[in-house]
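Visitor: Here's a sequence, model it:
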Amino acid sequence: MTLVSTKKDVKKIFLTTKTKINNTIDSKIDVIVSPEFYWVRIFDIPVKTEAQARHVLPTLFEDIVNEKVALTYQVKKLKENQFLCFAFNNKKIYDALKSSGLNLSNIVNLYFAQNECEEFNSFKIDNCSFLYTTDKILVKVPDNIAQDSIDLSRVLNNIKLTSMKMQIKLYNDVLTGKWHYPLYIIFSILIIVNFIRYFDYSSEIKNIENEVEKIKKVKQLPTSMIQMNSILSKYEKNIRLEKRNRDAISFILSNDKLNLKSLSLDKDELILEYLSVNKNEVENFLKKEFKNVKILSESLVLRVGVKL
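Guide: Numbering: from 1, shown residues only. Below is the predicted model of the structure:
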């Protein structure tokens, strides 16, 4: 049984490969599409706008998608130079909607489940299980993996849909001949506008590439991205360690009530020496931030080891 909820006379349906409508639905419908019907990835792209990012998506999805047909791409900007990117086969979703028994003319909008179900870590519907990965990507999984999942049908009514809709074409014959010529004119105008924007974006992307090459030459950086990534990986670990050490020392120095005599770093251990202090007071302070604290020697000078 396919599960439906109603809100403001518009019913919600979660579309999976198993969705079947057992009775006719005459009201308007919003469809949330499961990740079975699209590919989604988070890409770092050195552009400013979603339109510019969409221009390079066919290349980025090339090694991920093995579909032979043309795909539709959509983009949602997450932060500077980072985008949530979608690719889907328009016909595959259209065929699934038709085979489900839905009346296509009643569909108001379609939405990506990736965006609409973020408040649930994992859920089940239509005998299918879904969960969000550590990268916040919604995927379909075997039932034994998504244990303790909620039944989405029970909360479907409470989902507040986002503003990002699927840009999908529903090929139902609702257009009569009198609309053809106005539509041809509108599409022609859109094509011309898109061509202008395409050349504009192409030029802007080319300028970005040229600026990147200039920076590489000035800074004497490798031209290959593989070499660049290798250099970055080499220094990332050192940066993380330096940040960890800096944060640890900053915390220790934040307590000016304790009389810190000296501080030294031996690999991944800080050696601290306190003068005329209470042992318990020192331990209680350090254990707020560090798990491994041990007293190395205790006399007039309290010597403490802190494992980072």
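
Visitor: make it CA atoms for all contacts and neighbour counts henceforth
Guide: Will do.

Visitor: Residue 45: neighbouring residues, count only.
Guide: Counted with other C-alpha atoms under 10 Å, residues neighbouring residue 45 total 18.

Visitor: List the contacts of it.
Guide: 53, 81-83 (C-alpha atoms under 8 Å, 6 or more residues apart in numbering).

Visitor: Those in strands, which ones?
Guide: Using DSSP state E, the subset of the contacts of residue 45 located in strands is 82-83.

Visitor: In TSV, list the contacts of residue 45 along with pLDDT.
Guide: Listed next are the contacts of residue 45 as TSV, based on pLDDT from 0 to 100:
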residue	pLDDT
53	95
81	93
82	95
83	96
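
Visitor: Highest neighbour count among the contacts of residue 45?
Guide: residue 53 (25 neighbours).

Visitor: what residues are up against that one?
Guide: Neighbouring residues of residue 53 by C-alpha under 8 Å, 6+ apart: 45, 47, 75, 83.

Visitor: right, and the pair among those with maximum separation?
Guide: 47 and 75 (12.3 Å; C-alpha to C-alpha).

Visitor: Which one of those two is surrounded by more residues?
Guide: residue 75 (22 against 17).

Visitor: Quick check: chain neighbours aside, which residue is closest to the more buried one?
Guide: residue 85 (4.6 Å; C-alpha to C-alpha, 6 or more residues apart in numbering).

Visitor: May I have the phi/psi pair for the one you found?
Guide: Per-residue torsions, residue 85: phi -120, psi 140 (degrees, to the nearest 10).

Visitor: Relative to residue 165, how far out is it?
Guide: Using C-alpha to C-alpha, to the nearest Å, we find residue 85 at a distance of 13 Å from residue 165.

Visitor: okay, those two: which has more neighbours?
Guide: Higher neighbour count among residue 85 and residue 165: residue 85, with 22 against 15, using other C-alpha under 10 Å.

Visitor: So the more buried one sits against residue 43, correct?
Guide: Yes - at 7.1 Å, residue 85 counts as touching residue 43 under the criterion of C-alpha atoms under 8 Å.

Visitor: Please parse this protein into its domains.
Guide: Under the assignment automatic domain parsing, the domains of the chain span 4-172, 178-218, 246-307.

Visitor: and residue 238, helix, strand or coil?
Guide: Under DSSP: H, G, I helix; E, B strand; the rest coil, residue 238 falls in the helix class.

Visitor: tally of neighbours for it?
Guide: Residue 238: 11 neighbours (other C-alpha under 10 Å).

Visitor: Please apply the same query to residue 121.
Guide: For residue 121, using other C-alpha under 10 Å, the count is 15.

Visitor: In terms of pLDDT, where does it sit?
Guide: With respect to pLDDT, residue 121 scores 90.

Visitor: who's in contact with it?
Guide: Counted by C-alpha under 8 Å, 6+ apart, residue 121 has contacts 131-132, 149.

Visitor: looking at these, which has the most residues close by?
Guide: Counting by other C-alpha under 10 Å, top hit in these: residue 131 with 23 neighbours.

Visitor: Parallel or antiparallel, list what pairs with whatever helix or strand that one lives in.
Guide: Per DSSP states H and E, residue 131 falls inside strand 128-132. If you go by DSSP bridges, strand 128-132 pairs up with strand 122-125 (antiparallel), strand 138-141 (antiparallel).

Visitor: Could you list the residues in contact with the first one?
Guide: By that I understand strand 122-125. Contacts of strand 122-125 (C-alpha under 8 Å, 6+ apart): 3, 14, 129-132, 146, 149-153.

Visitor: Among those, which one sits closest to residue 22?
Guide: Looking at the contacts of strand 122-125 and their distance to residue 22, the nearest is residue 3, at 10.2 Å (C-alpha to C-alpha).

Visitor: Determine how far the strand holding residue 131 lies from the middle of the whole chain.
Guide: Relative to its chain's centre, strand 128-132 lies at 16 Å (C-alpha atoms, centre = their mean, to the nearest Å).

Visitor: tell me the mean pLDDT over that strand?
Guide: Here the mean pLDDT over strand 128-132 is 93, rounded to a whole number.

Visitor: Repeat that for stretch 145-152.
Guide: Rounded mean pLDDT across stretch 145-152 is 85.
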